[in-house]
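Engineer: fold the following and give me the result.
(one chain, ligands or ions: 1)
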Amino acid sequence: MTAQPTAQDDRRSSAPGRRVTDWTPTPAGGGAGCRIVDLPRITDPRGNLTFVEGGGQLPFDIARVYYLYDVPGGESRGGHAHHDLQQLIIAAAGSFDVLVDDGSGTARFHLNRSYYGLMVPRLTWRELGNFSSGSVCLVLASQRYEEDDYYRSYDDFVAARRAAEAAGEIPAPTSNR
Ligand code: TYD
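Structural biologist: Alright, predicted model coming up:
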């Protein structure tokens, strides 16, 4: 699937070599409940600038920022879900893959542009891998670090996801296995 650049892209970007083709939503379109956020780009011959502000661009207030770097080739990160935490994941440098799973379907996003963020809602399993050399994974999070918010067991995550769906806290699955 190829998304078309928005009017905002046209206005703000003067980098014609860059294309909005770098993610692969599932055929059902759900992306396992995740979506790409197209961040503002201020292009400049001196170097480009992208910003993220609270109150509008994201559905949450940013409580924490962390980043993964110096990831050795072949290593993977993640392998967990959160009960409440929401995140925006950005390839600030280089590229990597994010596999997301809503307990009913999966989607794989290849992030390789510093002006795209992957919005990952609560109760979504995620695994990050295929890091390029020198890549930096920047994460904006809705909460401070709390180990109690993690599901590190996939089965526990699925059970919590089903309970939240049954309680109407989150939408029913967006895709099917
Ligand atoms: P974890 O979230 O499991 O890493 P990843 O999902 O990237 O593989 O965190 C790894 C360790 O770092 C774990 O011991 C908790 C700690 N940590 C913090 O102390 N603060 C944080 O903000 C994060 C994200 C992790």
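Engineer: from here on, just use CA atoms for contacts and neighbour counts.
Structural biologist: Will do.
Engineer: apart from its neighbours in sequence, what residue is nearest the residue in the chain that the ligand sits nearest to?
Structural biologist: Closest approach of the chain to the ligand (CA to the nearest ligand atom) occurs at Gly78, with a separation of 3.3 Å. Spatially, and ignoring its direct neighbours in sequence, Gly78 is nearest to Glu127 (4.7 Å; CA to CA, 6 or more residues apart in numbering).
Engineer: isn't the residue of the chain closest to the ligand up against Arg126?
Structural biologist: Yes: counting by CA atoms under 8 Å, Gly78 touches Arg126, with 5.9 Å between them.
Engineer: and these two? Which one has more around it.
Structural biologist: Arg126 (20 against 13; other CA atoms under 10 Å).
Engineer: so the more buried one sits in a helix?
Structural biologist: No: looking at Arg126 with DSSP: H, G, I helix; E, B strand; the rest coil, it is strand, so not inside a helix.
Engineer: residue contacts, it?
Structural biologist: Residues near Arg126 by CA atoms under 8 Å, 6 or more residues apart in numbering: 78-81, 98-101.
Engineer: try 6 Å
Structural biologist: 78-80, 99-100 (CA atoms under 6 Å, 6 or more residues apart in numbering).
Engineer: do the same with Tyr67
Structural biologist: So Tyr67 contacts 137-139 (CA under 6 Å, 6+ apart).
Engineer: which of the residues you listed fall in strands?
Structural biologist: 137-139 (DSSP state E).
Engineer: filter the contacts of Arg126 down to the buried ones.
Structural biologist: 80, 99-100 (16 or more other CA atoms under 10 Å).
Engineer: show me the shaky parts of the chain.
Structural biologist: Residues of the chain that meet the criterion pLDDT under 70 lie in 1-30, 174-177.
Engineer: of the contacts of Tyr67, buried ones?
Structural biologist: Judged by 16+ other CA under 10 Å, buried ones among the contacts of Tyr67: 137-139.
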